[in-house]
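Engineer: I would like to see how this sequence folds:
(one chain, ligands or ions: 1)
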Amino acid sequence: MNYQALADKIKIWGQELGFQKVGICDVDLSEHEAELQKWLDAGYHGEMDWMARHGMMRARPSELLPGTVRVISVRMDYLPPEAQFAANLSDPTQAYVSRYALGRDYHKLIRNQLKKLGQKIEQEVGQFGHRPFVDSAPILERPLAQKAGLGWTGKHSLILDKECGSWFFLGELLIDLPLPVDEASVDQCGKCKACITSCPTQAIVDEGIVDARRCISYLTIEFDGVIPEEFRRAMGNRIYGCDDCQLVCPWNRFSELTKQEDFHRREALKNANLTELFLWDEATFLKNMEGSAIRRIGHLQWMRNLSIAMGNAPYSMEIIDALQQRTGLSEVLDTHIQWALSQQQAQLPLSSTKLDRLIRIVEKGLPRDA
Ligand code: SF4
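Structural biologist: Okay, the predicted model is just below:
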């Protein structure tokens, strides 16, 4: 078997299947085991218990699929056109949804394409052991991607590449064929710390280390409880995920727009008015979010996230009215609605009594407690 020729073909097939880059690496992630354990011991995984449950298996692909000796790591770009980064983020009446979630859920598409890649290889070599992964199992996909030459792990902990930035998904095909491996990517962050200093909730606690419990992506997507008050103001209008660390990254100047129409912004998210999104009833939410990753968080969590953004929005009778309409559905939601109402009420115009008193103070020099 000419494995070099096969590896070359796999890269061509991968590109034909819509992957922008394909790399191959071995399965030795032993150098990452200690740091993974340290991260878990610190509790940085929050309530993502499955991460702790799978322990070191995440760093040992051959335990996930016995016989695995190589991983084919793939990249699929998702940056949609009309992404409206800053415009949307800086308008507090609009909802900001992370760029990766504006279109269809990526899991199915990437898994299907990886399956097709497996079938292509099978046609060439006959039956062989393989299994695709896209966030579907606890696997350390970023160190694998770095080993396979898809990019280095930035200080924000995501993979980025100097030619295309970081707006891409990763997927893996575990295989039992001893293909030649690619050269690992080298860290190019240098002295830059833009992602660390710009994180709204200071979730990047050290270079490459994210405390998920502080991360807006975790809080709005993975976490379904009461979001600690200390983060609510900083969340602004980010209602599903957060892109700030990628928005400031200088390497993202080189990002290309995705060719995958599946990742383009869906119609229902073109108008992202907070109140309108919040007032979707459950049936509307499910219909509008069909095929989207957002659907997984459910209607209550969707409203919870939106209520925080509404508390952070400028005073509006429309917002107060909408918030009041959705009380009594769940304790968690009520807690956030009450907070949002208190933030709105704190911005109320001065009452006439207070105003009169202030006028008297200014006009007659009355003592402040008069
Ligand atoms: S913003 Fe700077 S430090 Fe952060 S990932 Fe990009 S280059 Fe690295």
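
Engineer: where does pLDDT dip in the stretch 101-250 of the chain?
Structural biologist: 136-137 (pLDDT under 70).

Engineer: what is the burial count for the residue of it found nearest the ligand?
Structural biologist: Proximity of the stretch 101-250 of the chain to the ligand (Cβ to the nearest ligand atom) peaks at residue 154, 2.7 Å away. All C-beta spots, glycine's among them, are computed from the backbone N, C-alpha and C. Other residues lying near residue 154 total 26 when counted by other Cβ atoms under 10 Å.

Engineer: so the residue nearest to it when sequence neighbours are not counted, which of the three states?
Structural biologist: What sits nearest to residue 154 in space, not counting adjacent residues and going by Cβ to Cβ, 6 or more residues apart in numbering, is residue 160, at 4.8 Å. Classification of residue 160 by DSSP: H, G, I helix; E, B strand; the rest coil places it in strand.

Engineer: in this structure residue 160 contacts residue 250, no?
Structural biologist: No - between residue 160 and residue 250 no contact is recorded; they are 10.0 Å apart, counting by Cβ atoms under 8 Å.

Engineer: which positions in the stretch 51-200 of the chain make contact with the ligand?
Structural biologist: 154, 155, 156, 160, 189, 192, 193, 194, 195 (Cβ under 6 Å from any ligand atom).

Engineer: now render the residues you listed as TSV, adding secondary structure.
Structural biologist: Shown next, in TSV, are those (three-state DSSP):
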residue	secondary structure
154	coil
155	coil
156	coil
160	strand
189	coil
192	coil
193	coil
194	helix
195	helix
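
Engineer: re earlier: so for residue 160 and residue 250, which sits in the more crowded spot?
Structural biologist: Neighbours were counted for residue 160 and for residue 250 using other Cβ under 10 Å; residue 160 has more, 28 against 14.

Engineer: give me the residues contacting the helix or strand hosting residue 170.
Structural biologist: Per DSSP states H and E, residue 170 falls inside strand 168-175. Applying Cβ atoms under 8 Å, 6 or more residues apart in numbering, the external contacts of strand 168-175 come out as 19-20, 61, 64-65, 68-78, 100, 106, 110-111, 113-114, 117-118, 121, 128-134, 139, 141-142, 144-145, 150, 159.

Engineer: recalculate using a threshold of 7 Å.
Structural biologist: 20, 61, 64-65, 68, 70-78, 106, 110, 114, 117-118, 128-134, 139, 141, 144-145, 159 (Cβ atoms under 7 Å, 6 or more residues apart in numbering).

Engineer: leaving out chain neighbours, which residue sits closest to the residue in the stretch 251-370 of the chain positioned nearest to the ligand?
Structural biologist: Closest approach between the stretch 251-370 of the chain and the ligand, counting by Cβ to the nearest ligand atom: residue 251, at 5.6 Å. Leaving aside its sequence neighbours, residue 251 sits nearest to residue 165 (Cβ to Cβ, 6+ apart; 4.8 Å).

Engineer: next, the contact list for that neighbour, please.
Structural biologist: 249, 251, 252, 254, 255.

Engineer: pick out the lowest-pLDDT one from these.
Structural biologist: In terms of pLDDT, residue 254 ranks lowest among the contacts of residue 165, with 85.

Engineer: test my guess that that one contacts residue 166.
Structural biologist: No - contact between residue 254 and residue 166 fails when scored by Cβ atoms under 7 Å: they sit 10.2 Å apart.

Engineer: mind checking which of these two has more residues around it?
Structural biologist: residue 166 (20 against 12).

Engineer: distance check, that one against residue 74.
Structural biologist: 15 Å (Cβ to Cβ, to the nearest Å).

Engineer: same question, residue 152
Structural biologist: 17 Å.

Engineer: more neighbours: which of the two?
Structural biologist: A count of neighbours by other Cβ under 10 Å puts residue 74 above the other of residue 152 and residue 74, at 31 against 21.

Engineer: show the pLDDT at that one.
Structural biologist: For residue 74, the pLDDT comes out at 98.

Engineer: for this protein, longest helix please?
Structural biologist: Ranked by residue count under DSSP state H, the longest helix found in the chain is helix 106-125.

Engineer: rewinding a little: now the residue nearest to residue 251: phi and psi?
Structural biologist: Main-chain dihedrals, residue 165, degrees, to the nearest 10: phi 70, psi -140.

Engineer: is it bridged to anything, and to what?
Structural biologist: Note on residue 165: beta-bridge partners residue 161, judged by DSSP bridges.

Engineer: for the remainder of this discussion, apply numbering that starts at 11.
Structural biologist: All set: I'll call the first residue 11, so the last point we hit is now residue 175.
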